[in-house]
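1. here you go, sequence then predicted model.
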Amino acid sequence: MAVIDLSQLPPPQIVDVPDFETLLTERKAEFVALFPAEEQEAVARTLTLESEPVVKMLQENVYRELLLRQRINEAARAVMVAYSGGDDLD
């Protein structure tokens, strides 16, 4: 019987982790969509300024989401034989 070397398999991504800029762009678009059509252009222009407080809040929110997604992936891997460490499986 052939033995499968589990350490050679790439770790699975349980939850997709997009890059920061992709997620930030999506968040900005969703934020703009919350405003009436006649205000959306002005809001979109405002979001191009890195110094805007709302941009900083969106960036912080995206960063927290990326951390959460990473934590979910790590927790899921911790219960997989090939990727667990320490007392994860106890």
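-> The structure has been received and is ready for your questions.

2. what about the spatially most central residue of the chain, which helix or strand?
-> Centroid check for the chain by C-alpha atoms, centre = their mean gives L66 as the closest residue, at 3.1 Å. Assignment of secondary structure by DSSP states H and E places L66 within helix 53-78.

3. so how far is that helix off the chain centroid?
-> Relative to its parent chain, helix 53-78 has a centroid offset of 5 Å by C-alpha atoms, centre = their mean, to the nearest Å.

4. residues touching the residue nearest to the centre of the chain, list them.
-> Listed by C-beta atoms under 8 Å, 6 or more residues apart in numbering, the contact set of L66 reads 17, 20, 23. Every C-beta, even on glycine, is put in place using the N, C-alpha and C of the backbone.

5. can you lay out the residues you listed as a markdown table showing pLDDT?
-> Below are those laid out as a markdown table (pLDDT from 0 to 100):
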| residue | pLDDT |
| --- | --- |
| V17 | 84 |
| F20 | 97 |
| L23 | 96 |
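
6. so which of those residues would you say is closest to V32?
-> L23 (15.2 Å; C-beta to C-beta).

7. and for the closest one, nearest residue in space, chain neighbours not counted?
-> If you skip the residues right next to it in sequence, L23 has V62 as its closest partner in space, 4.8 Å away by C-beta to C-beta, 6 or more residues apart in numbering.

8. having no further points to raise, I will conclude here.
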